[in-house]
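Novice: Compute the structure for the input listed below.
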Amino acid sequence: PGEPPAHEELEHKVRHASVAARADYIVHSMPLPLRRALELAYFQRRDYRQTAADLGVTEDEARRRLRLGLQLLATAHDTGTPPGHGGAV
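Specialist: Numbers count the residues shown, from 1 in each chain. This next block holds a predicted model:
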């Protein structure tokens, strides 16, 4: 056991930074209604009902926006081509 070799630790850090950068890119590239729903639900800890009320939309629409936003964010873990270069967005 013990610590992993330095090259493995560096590779892990680079991979983590790449996923974080991709997630940031995705969040800032997604349509404002999706981004706003995610901000309310995750950063301000609103449930979908509160998010719907804050946005002035139906609960179904709030759930749809959250689902789509989360689906887009899930692509940040894709290890293929970066978004905007033929990869998943």
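Novice: OK, contacts around the spatially most central residue of the chain?
Specialist: Residue closest to the average C-alpha location in the chain (C-alpha atoms, centre = their mean): Leu73, at 2.8 Å. Leu73 makes contact with Ala23, Ile26, Val27, Leu38, according to C-beta atoms under 8 Å, 6 or more residues apart in numbering. Heads up, the C-betas are built off the backbone N, CA and C, glycines and all.
Novice: what's the answer for Tyr42, then?
Specialist: Taking C-beta under 8 Å, 6+ apart as the definition, Tyr42 has no contacts.
Novice: now it: how far from Gly69?
Specialist: Using C-beta to C-beta, to the nearest Å, one obtains 9 Å as the distance from Tyr42 to Gly69.
Novice: mind checking how far stretch 58-78 is from the chain centre?
Specialist: In terms of C-alpha atoms, centre = their mean, to the nearest Å, the centre of stretch 58-78 is found 9 Å from the chain centre.
Novice: Brilliant, that's me finished.
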